[in-house]
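Student: the sequence and its predicted three-dimensional model are supplied below.
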Amino acid sequence: MLVTTHGRYDTRARHVSGAAVWHDVGVPTPTVPFALSRRGLFRLAGAAALCAATASTVVACGHDELSGPALDSLTAQSSAARSDAADAAAAATVIPDYATALEVVAAQRTEHADALDTEIARATGATDASSTETSSVGTTTSAAPAPPPPDIAAVREALTASARSAANAARNESGYRAGLLGSISASCTVSALVVLA
């Protein structure tokens, strides 16, 4: 026989006339402790990509030959990443509603460029490409006027193009470089479609 107390069952077993009678109590429904925001999702995706790249670096410890089209491809990807970072940072100064998201995009694309420059330096045995670029830019005597900051649509378009370009470049690579470029492509896609939506 089931005995109830105030409409609820009690889980504690009681013995009545030698028979065990069970009373059940209500069980609270589990709740989700938090919800991911767009920025949270992007940071999670970026962290996953960075972890994957870091783990792959352990495998890519040899001195691989990198020259010709392969070198040009990675160099172009690095330049695109720095261009995207500069555009996002500039846009953040004039688009308040997207300022925080654009700053995250700028930081992420800078990390992409740094990772690519590190791989180029590792595979060619040269100094860090980013240091070389910085020093060469620093010796320029005159600077062209800065273009106006891009609007949010232009930043999205640039990220979408970068995602497509990195994905295409990954198809021509293998191992660590393919994984790095694939991660960059995925990150750019998340930036364009989620973070800046």
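Tutor: Perfect, thanks for sending it.

Student: which non-adjacent residue is nearest T160?
Tutor: In this structure, T160 finds its nearest non-sequential neighbour in A192, 4.8 Å apart by C-beta to C-beta, 6 or more residues apart in numbering. Where C-beta positions appear, they are placed from N, C-alpha and C, glycine not excepted.

Student: same check, this time on A154
Tutor: D87 (7.2 Å).

Student: can you check S79 too?
Tutor: A113 (8.0 Å).

Student: any idea how far L181 is from that neighbour?
Tutor: Distance, A113 to L181, using C-beta to C-beta, to the nearest Å: 13 Å.

Student: so the two - more neighbours on which side?
Tutor: Legend: neighbour count by other C-beta atoms under 10 Å for A113 and L181, higher for L181 (26 against 22).

Student: which parts of the helix or strand where the more buried one lies are buried?
Tutor: Per DSSP states H and E: L181 is located in helix 175-190. By neighbour count on 16 or more other C-beta atoms under 10 Å, the buried set for helix 175-190 is 176-177, 179-190.

Student: closest to D97 among those residues?
Tutor: V190 (19.0 Å; C-beta to C-beta).

Student: which residues touch stretch 144-157?
Tutor: 84, 87-88, 90-91, 93-95, 98, 102, 105, 158, 192, 196 (C-beta atoms under 8 Å, 6 or more residues apart in numbering).

Student: for this protein, which segments are assigned as strands?
Tutor: With strands called from DSSP state E, the chain shows them at 4-5, 8-9, 13-16, 19-22.

Student: show the model's pLDDT score for S67.
Tutor: At S67, the pLDDT value in this model is 72.
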